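Enquirer: Take this sequence and fold it.
(chains A and B, ligands or ions: 2)
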Amino acid sequence: MRILVCVKQIPDPANPSRFDPVTHRLVRTEDQILDDTDRYGVEMGLRLAEASGGTVTLLSMGPVGRAQGIRQALAMGADQAVMVEDEALEGADALTTARILAAAARHTGFDLVICGTESTDGYSGVVPQMMAELLSVAAMTYATSVEVADDQVTIHRQTSAGYDVVVSGLPAVVSVTAGVVEPRYPTFRGIMQAKRKPTETLSADDLGISISIGQEVVAVSPAPEREAGVIAEDEGEGHLLIVEKLREVKVI
Amino acid sequence: MAEVWTFCEETDGGPSTLGLELLSKARQLGSATVLYAGSGSPQAWQTLGEHGAARVFHFDPGDMLAAAPVAAATATLAAEHAPHLILFGQAYTDRDVAGRLAARMGLPVLSNAVDVTLDRSGAVGSRHEISGGSEIAEAVFSSPGPHLVIVRPKSFPAEPVAGPPPQVITLDLPEVGESNAVVTERHVRQRKGPDLEEAAVIISGGRGLGAAEHYSLVEGVAAPLDAATGATRAIVDAGWVPYAKQVGQTGKTVKPDVYIACGISGAMQHLVGMKDAKTIIAINKDPDAPIFTIADLGIVGDVHKVMPRLIEELSSG
Ligand SMILES: Cc1cc2nc3c(=O)[nH]c(=O)nc-3n(C[C@H](O)[C@H](O)[C@H](O)COP(=O)(O)OP(=O)(O)OC[C@H]3O[C@@H](n4cnc5c(N)ncnc54)[C@H](O)[C@@H]3O)c2cc1C
Ligand SMILES: Nc1ncnc2c1ncn2[C@@H]1O[C@H](COP(=O)(O)O)[C@@H](O)[C@H]1O
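Expert: Ligands and ions are numbered 1, 2, ... in the order given. Have a look, this model is predicted:
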């Protein structure tokens, strides 16, 4: 089984990026790490591949010449990586991202594509569904469990009230929620091997995709601030302050 | 008049609250059409009419996962009727339909909006809270419509206007071939106590509680106040409580009168789900926890000390 896992490299949240006041784009810090959310997809891919004797290929669109985050995912055990990087993709919206990733998936070939439900920095939360539509396959979204058997994929799809069991044929796109599996930590051996694993770098042109971005951020301004509240150290009476506040707002 | 369409997923046999919120906004922007996915009923049509729907396109996905067939059907309708704007909610099925529809029609989609504007020329703009709600970004579409916007729950109030019954057009869903998926079982967890999204008071717990069994402190404070109980994603992912309790970016958006955050750091993804509570109270042992920046009352202290005393005080009073 050929499993593709879409992983996004994001600026290290420990060094927050800011919006550029002129271009209204995210000004990213230099270092790019693996989006924590995508570690769950990588883990799920590795488990399914281990169970079926399949392979795991990482798929990522990101800034030119940055592969730190990809190496983190390779170190977890993925077999290889396909990276799409292109100056022209800076500021890409969800649809452009999905078109690129879907074209790369076609280029690579796949039985199953695994994504996260939303990225930490973009959180548009629609890239997996868009990819599924572009690839004309089912979008098995918000999975809290994934099983593949007999050319069928079965997931538990999280709902606001519980979960549904959903079944589709292969190929398919699956998006997994965080917490679905416990991602493994890379071993020293994994980290050493990651450096030698095959990677392929493609441009938008290589994939035959012409880029047009149909939306634009035109202004960023501070939100109205909440009035500062009262902060008090608990010295055995903290609960009474809470009760007093609840009385004040007439909850009790 | 501008044509504004809204998606509405049937929930508990009728229109979802989120769907009615979107509809209430749509009718202010133009003539409102609802894309209704579910079995439908005269009662449902009446409710939609009362909230300002002029027309309903009704599809019944039955056991099919709704997104692929509903997106295909909507694309056909949109090509024919050319609406200016189609609104979806930031909810699972809505996102699935919006994503598939956008890809199918080659249209961009703006997610996480908290407001939408439509001017006379047909230009659509949207507002988005970023950085945990501390900044507002305004976005516009530079492409031709229909414009697709996904709006966060509780961005608009759901308000009836006593409108007449809408025109209802029930349509068959198309075959979607390989894109089809089937729902074989539905599991609904029974909820104890009031509904998170409706409750006037919410007590939420985070990783600071220390262990799953200490969530009983949250329930202990909630009981005498008849409050709903919520949680951060950290403790949902850890399996302490079910996802239905998650508040935030990928959970529920709540606007109660009072929100008490216990052992919650106040990550921006949590804040966007609860920062519009009228009064916010936080208990955290770290005086620098970000939750204190939005709290009306912050208690710097240990949940294991403050909460048991609070429970006693509330139960005795
Ligand atoms: C794409 C994306 C979506 C997300 N969506 C959501 C979402 O919908 N909802 C959500 O909540 N999160 C969401 N998150 C996760 C979010 O970033 C945080 O990781 C999460 O909210 C942290 O939960 P927490 O406050 O329980 O834990 P922590 O951040 O670990 O905070 C625990 C707090 O408890 C305090 N504490 C510890 N011990 C005690 C004690 N004895 N007494 C008092 N205080 C104590 C600590 O000082 C600390 O501030 C999302 C993340 C991403 C990337
Ligand atoms: N640039 C990207 N490269 C690879 N995968 C991506 C990229 N952007 C989004 N994804 C995938 O799509 C999921 C949802 O992302 P988003 O739609 O940005 O919230 C992520 O968890 C990834 O699996």
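Enquirer: mind listing what residue 186 touches?
Expert: Here I'm looking at chain A. Neighbouring residues of residue A:186 by CB atoms under 8 Å, 6 or more residues apart in numbering or on different chains: A:72, A:75, A:76, A:77, A:194. Bear in mind the C-beta positions are built from the backbone N, C-alpha and C, glycine included.
Enquirer: other chain: chain B
Expert: Neighbouring residues of residue B:186 by CB under 8 Å, 6+ apart: A:159, A:162, A:164, A:165.
Enquirer: Could you report the separation of the first one from chain B?
Expert: Read it as residue A:159. Residue A:159 sits at a distance of 7 Å from chain B (criterion: CB to the nearest CB, to the nearest Å).
Enquirer: tell me which parts of chain A are close to ligand 2?
Expert: By CB under 6 Å from any ligand atom, the residues of chain A that approach ligand 2 are A:6-8, A:37-38, A:41, A:59-62, A:94, A:97, A:101, A:115-116, A:118-119, A:122-128.
Enquirer: can you narrow these to ones near ligand 1?
Expert: Contacts with ligand 1 within the residues of chain A next to ligand 2, counted by CB under 6 Å from any ligand atom: A:37, A:118, A:123.
Enquirer: Count the neighbours of the second one for me.
Expert: In other words, residue A:118. For residue A:118, the count of nearby residues is 24 (other CB atoms under 10 Å in any protein chain shown).
Enquirer: which one is it nearest to, not counting chain neighbours?
Expert: Distances taken as CB to CB, 6 or more residues apart in numbering or on different chains put residue A:125 closest to residue A:118, at 3.9 Å, once the chain neighbours are dropped.
Enquirer: What of residue A:55?
Expert: Closest to residue A:55 by CB to CB, 6+ apart is residue A:79, at 4.8 Å.
Enquirer: sorry, back to before: which ones are touching the residue nearest to residue A:118?
Expert: Taking CB under 8 Å, 6+ apart as the test, what residue A:125 contacts is A:117, A:118, B:90, B:95, B:99, B:111, B:150, B:250.
Enquirer: what's the answer for residue B:152, then?
Expert: B:89, B:90, B:112, B:113, B:114, B:129, B:253, B:272 are the contacts of residue B:152 under CB under 8 Å, 6+ apart.
Enquirer: Just the helices from the stretch 151-300 of chain B, written as ranges.
Expert: For the stretch 151-300 of chain B, applying DSSP state H, counting those that start in this stretch gives helices covering B:215-225, B:233-237, B:268-274.
Enquirer: Give me the contact status of the second one with ligand 1.
Expert: Spelled out, it's helix B:233-237. Yes: counting by CB under 6 Å from any ligand atom, ligand 1 has neighbours in helix B:233-237: B:233, B:234, B:235.
Enquirer: for the last one, what are its contacts?
Expert: Residues near residue B:235 by CB under 8 Å, 6+ apart: B:205, B:206, B:207, B:209, B:212, B:215, B:241.
Enquirer: Based on its surroundings, how many neighbours for the closest residue to the last one other than its chain neighbours?
Expert: Using CB to CB, 6+ apart and skipping residues adjacent in sequence, the residue nearest residue B:241 is residue B:231, 4.8 Å away. Other residues near residue B:231 come to 29 when the count uses other CB under 10 Å.
Enquirer: now do the one 3 residues further on
Expert: A count of nearby residues for residue B:234, using other CB under 10 Å, gives 20.
Enquirer: my read: it touches residue B:207, true?
Expert: Yes: with contact defined as CB atoms under 8 Å, residue B:234 counts as touching residue B:207 (4.6 Å).
Enquirer: shared neighbours of the two, anything?
Expert: Between them, residue B:234 and residue B:207 share no contacting residue, judged by CB under 8 Å, 6+ apart.
Enquirer: secondary structure element for residue A:131?
Expert: Here residue A:131, judged by DSSP states H and E, is contained in helix A:127-135.
Enquirer: Who are the packing partners of that helix?
Expert: strand A:2-6, helix A:94-108, strand A:112-116, strand A:138-149, strand A:172-176, helix B:67-81, helix B:92-105 (3 or more CB pairs under 8 Å, 6 or more residues apart in numbering or on different chains; DSSP states H and E).
Enquirer: would you put the C-alpha positions of the first one in PDB?
Expert: Once non-C-alpha atoms are left out, strand A:2-6 reads as follows in PDB (Å, rounded to 0.1, in the frame of the first residue of the first chain):
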ATOM      1  CA  ARG A   2       1.300   3.400  -1.000                       C
ATOM      2  CA  ILE A   3       0.600   5.900   1.800                       C
ATOM      3  CA  LEU A   4       1.200   9.600   1.400                       C
ATOM      4  CA  VAL A   5       1.200  11.800   4.500                       C
ATOM      5  CA  CYS A   6       0.800  15.500   4.000                       C
END
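Enquirer: returning to that earlier point: can you redo the helices and strands packed on helix A:127-135 as a markdown table with mean neighbour count, distance to residue B:307 and mean pLDDT?
Expert: Putting those into a markdown table (neighbours: other CB atoms under 10 Å in any protein chain shown; distance: least, CB to CB, whole Å; pLDDT from 0 to 100) gives the following:
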| stretch | mean neighbour count | distance to residue B:307 | mean pLDDT |
| --- | --- | --- | --- |
| strand A:2-6 | 26 | 41 | 98 |
| helix A:94-108 | 23 | 42 | 97 |
| strand A:112-116 | 28 | 34 | 98 |
| strand A:138-149 | 22 | 30 | 96 |
| strand A:172-176 | 28 | 34 | 98 |
| helix B:67-81 | 20 | 42 | 98 |
| helix B:92-105 | 26 | 33 | 98 |
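Enquirer: Which stretch among the ones you listed approaches residue B:122 most closely?
Expert: When the helices and strands packed on helix A:127-135 are compared by CB to CB, helix B:67-81 sits nearest residue B:122, at 14.2 Å.
Enquirer: Quick one: residues contacting the residue of the stretch 151-252 of chain A found nearest ligand 1.
Expert: Taking CB to the nearest ligand atom, ligand 1 has its nearest neighbour within the stretch 151-252 of chain A at residue A:178, 7.2 Å off. Residues near residue A:178 by CB under 8 Å, 6+ apart: A:36, A:37, A:40, A:116, A:117, B:233, B:237.
Enquirer: likewise residue A:175?
Expert: A:114, A:115, A:116, A:117, A:128, A:129, A:139, A:140, A:141, A:142, A:143.
Enquirer: Which of those residues sits closest to chain B?
Expert: residue A:129 (2.9 Å; CB to the nearest CB).
Enquirer: contacting residues around the closest one?
Expert: Here residue A:129 is in contact with A:139, A:141, A:173, A:175, B:67, B:95, B:96, B:98, B:99, B:100, B:103 (CB under 8 Å, 6+ apart).
Enquirer: so which of the helices and strands packed on helix A:127-135 comes closest to residue B:22?
Expert: Closest among those, using CB to CB: helix B:92-105, at 8.8 Å.
Enquirer: Quick check: the closest residue to residue B:44 other than its chain neighbours vs residue B:64, distance?
Expert: What sits nearest to residue B:44 in space, not counting adjacent residues and going by CB to CB, 6+ apart, is residue B:14, at 5.1 Å. Noted for residue B:14: a distance of 20 Å to residue B:64, by CB to CB, to the nearest Å.
Enquirer: Reduced to three states, what does residue B:44 come out as?
Expert: Assigned by DSSP: H, G, I helix; E, B strand; the rest coil, the conformation of residue B:44 is helix.
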